[in-house]
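**Q** mind looking at a prediction? Sequence and model below.
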Amino acid sequence: MGPSFESLILQDPTGWVDAQPFPRTAPTNSYVSGNPATEAIRVRYFKNTALKSFAGRAWFGPKTEGPPGHAHGGSQAALLDEGMGAVAWLSGHTVLAAKIEINFRAPLPLGTLLTIRAEIDRVEGKKVWTHARLIGDDGVVYSEGSGLFVVIDTKNFKKKTSS
């Protein structure tokens, strides 16, 4: 069944508040973080304004299975991508991914609770470089990513239409 969305809190929550990094047309539209009751990835995001930091608590459920009993690398990559983009959005950079690179460090067992931490490395004009890690409560780094994100004009986003 997995942990509830509400129970996904940071191990040291001091100074951290809930964060919604992206504007949404509906609360369940995100492929990665849109469904707090999913059996895939459950994630809750936080920001610490004083530290200029971004983090999240995540759980990889049975619908992320790749190798038997373990999360698919694509599910990890999706969360890292969203986390890297989120830290940019929360810092005022409306970006889309241009290039991401993911390194898998250890097999991620299904049912694992972990923390995602993401930071901005540098900003040059419309380019924002970020990095993120998926870290287990025991300190194991399961995967990490780096990304180049490009600032976009949000006026170009099309509104979802009914069919």
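**A** Everything's here; your move. Residues are numbered from 1 along each chain as shown.

**Q** any idea how far G15 is from Y142?
**A** 25 Å (CB to CB, to the nearest Å). For glycine as for every other residue, the C-beta is placed from the backbone atoms N, C-alpha and C.

**Q** give me the element the spatially most central residue of the chain is part of.
**A** For the chain, the residue sitting closest to the mean C-alpha position, by CA atoms, centre = their mean, is G83 at 3.0 Å. Per DSSP states H and E, G83 falls inside helix 73-90.

**Q** so G15 and Y142 - more neighbours on which side?
**A** Y142 (20 against 13; other CB atoms under 10 Å).

**Q** isn't that one right next to N103, touching?
**A** No. With contact defined as CB atoms under 8 Å, Y142 and N103 do not form a contacting pair (10.2 Å).

**Q** contacting residues for S4?
**A** Each residue near S4 by CB atoms under 8 Å, 6 or more residues apart in numbering is listed here: P36.

**Q** quick check: pLDDT value at it.
**A** Looking at S4, its pLDDT is 86.

**Q** then K52?
**A** For K52, pLDDT reads 77.

**Q** again, but for A26
**A** 60.

**Q** what of P36?
**A** pLDDT, P36: 82.

**Q** kindly report the same for S33.
**A** Here the pLDDT value assigned to S33 is 83.

**Q** list the buried residues in the helix or strand E119 falls within.
**A** Using DSSP H and E, E119 maps to strand 113-124. Going by neighbour count (16 or more other CB atoms under 10 Å), the buried part of strand 113-124 is 113-120, 123.

**Q** helices or strands next to the helix holding G83 in the packing?
**A** Packing contacts for helix 73-90, counted by 3 or more CB pairs under 8 Å, 6 or more residues apart in numbering; DSSP states H and E, involve strand 41-48, strand 53-60, strand 95-104, strand 113-124, strand 127-136, strand 141-151.

**Q** nearest to Q20, out of those?
**A** strand 41-48 (7.2 Å; CB to CB).

**Q** alpha carbons only: can I get that closest one in PDB?
**A** Below are the C-alpha coordinates for strand 41-48, written out as PDB (Å, rounded to 0.1, in the frame of the first residue of the first chain):
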ATOM      1  CA  ILE A  41       6.000   7.300  -7.500                       C
ATOM      2  CA  ARG A  42       4.700   9.300  -4.500                       C
ATOM      3  CA  VAL A  43       6.500  12.500  -3.900                       C
ATOM      4  CA  ARG A  44       6.000  15.500  -1.700                       C
ATOM      5  CA  TYR A  45       8.200  18.600  -2.300                       C
ATOM      6  CA  PHE A  46       9.600  21.100   0.200                       C
ATOM      7  CA  LYS A  47      11.500  24.300   0.000                       C
ATOM      8  CA  ASN A  48      13.700  26.100   2.600                       C
END
